[in-house]
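K.L.:
predicted coordinates and the sequence they were generated for:
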Amino acid sequence: MRLPLSLLAALGAAVLSGLAAVGRVTLFALATFRHMLSPPFYGREFLVALGNVGWLSLPVVGLTAFFTGGALALQIYAGGARFDAQAVVPQIVALGMVRELGPVLVGLMIAARVTSSIAAEIATMKVTEQIDALVTLSTHPMKYLTVPRVLAGIVAVPLLVGLGDIIGIFGGFTVGVQSLGFNPSVYIRNTWDFLEPLDVISSLVKGLAFGFIATLMGCYAGMRSGRGAQGVGRATKASVEGASVLILAANFLLTGVFFSL
């Protein structure tokens, strides 16, 4: 009888710990929104964060989207050959990239690159007592560190998603025309005619949500990091894990919402 009770106790402790973590992240997000709406605003920090989140992420996002679009075209063509459905390659590549693969891949790339960077940077500042120095100088750490980075994610990631969608479709176009023998003008026309405004809107909305999640989790993990090198390492790992899981969960919820429209 002791073994089932111990397992039940462990399960209950894990559930309570998870709910507590959700509550802490929610309170952190609400505090971030509150600080967004009141001065002072640190424009220089926002521009630096915008360059880090947006411009410096463009190469990895572009390469990931291009090769994914090309691989998707090859897979659809190979699978469609079994049902004589090769002609739908342009439409499925466009729909798959815009509605699902584009936003999710960009979100995960941002989580891998930006979330980890933010968490490590802020955690290191905490370890070296730079955050304490900000408080001493009457500068609120959330206003100076969290708000500019979260705003940069909200602005930059939807733009990256839009560019990733275009580059991914271009990757499918390149493979379709060069390797599979599609007519270029017919491929472009089929892609253009098949996409609807709601597809593009859903992609950009997902990008906005994923940008918020990725940057928020980086700031949250960095602010709550422990002392020493191990604390920085744990904060970085936890930020990427949390951001990735939340991005996939948010994608599921948003896909359900947009499919119901």
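P.N.:
Yep, that arrived. Residues are numbered from 1 along each chain as shown.
K.L.:
now the helices for the chain?
P.N.:
2-36, 43-53, 58-80, 89-96, 102-110, 116-127, 130-136, 141, 147-178, 184-194, 197-223, 228-259 (DSSP state H).
K.L.:
and the fourth one with helix 197-223, angle?
P.N.:
Spelled out, it's helix 89-96. 40 degrees (axes from the mean of the first three to the mean of the last three CA atoms, to 10 degrees).
K.L.:
do the same with the last one
P.N.:
Using the same axes, to 10 degrees, the inter-axis angle of helix 228-259 relative to helix 197-223 is 160 degrees.
K.L.:
got the buried residues for helix 228-259?
P.N.:
Buried residues in helix 228-259, counted by 16 or more other CB atoms under 10 Å: 231-232, 234-236, 238-240, 242-244, 246-247, 250-251, 254-255, 258. C-beta coordinates here come from the backbone N, C-alpha and C atoms, glycine included.
K.L.:
elements contacting it?
P.N.:
helix 102-110, helix 116-127, helix 197-223 (3 or more CB pairs under 8 Å, 6 or more residues apart in numbering; DSSP states H and E).
K.L.:
return the most buried member of those.
P.N.:
helix 102-110 (a mean of 25; mean count of other CB atoms under 10 Å).
K.L.:
what's stretch 204-215 in contact with?
P.N.:
49, 53, 103-104, 106-107, 110-111, 114-115, 118, 149-150, 152-162, 243, 246-247, 250-251, 254, 258 (CB atoms under 8 Å, 6 or more residues apart in numbering).
K.L.:
if you set the cut-off to 7 Å instead, what comes out?
P.N.:
Residues outside stretch 204-215 that contact it (CB atoms under 7 Å, 6 or more residues apart in numbering) are 53, 103, 106-107, 110-111, 114-115, 118, 149-150, 152-154, 156-158, 160-162, 243, 246-247, 250-251, 254.
K.L.:
quick one: that stretch to chain centroid distance?
P.N.:
6 Å (CA atoms, centre = their mean, to the nearest Å).
K.L.:
export it as PDB, just CAs?
P.N.:
The C-alpha atoms that make up stretch 204-215 are tabulated as PDB, following Å, rounded to 0.1, in the frame of the first residue of the first chain:
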ATOM      1  CA  LEU A 204       1.600  36.300 -38.400                       C
ATOM      2  CA  VAL A 205      -0.600  36.000 -35.300                       C
ATOM      3  CA  LYS A 206       1.300  32.800 -34.400                       C
ATOM      4  CA  GLY A 207       4.600  34.700 -35.000                       C
ATOM      5  CA  LEU A 208       3.500  37.400 -32.600                       C
ATOM      6  CA  ALA A 209       2.500  34.900 -29.900                       C
ATOM      7  CA  PHE A 210       5.700  32.900 -30.400                       C
ATOM      8  CA  GLY A 211       7.900  36.000 -30.200                       C
ATOM      9  CA  PHE A 212       6.200  37.000 -27.000                       C
ATOM     10  CA  ILE A 213       6.700  33.500 -25.500                       C
ATOM     11  CA  ALA A 214      10.300  33.100 -26.600                       C
ATOM     12  CA  THR A 215      11.500  36.500 -25.200                       C
END
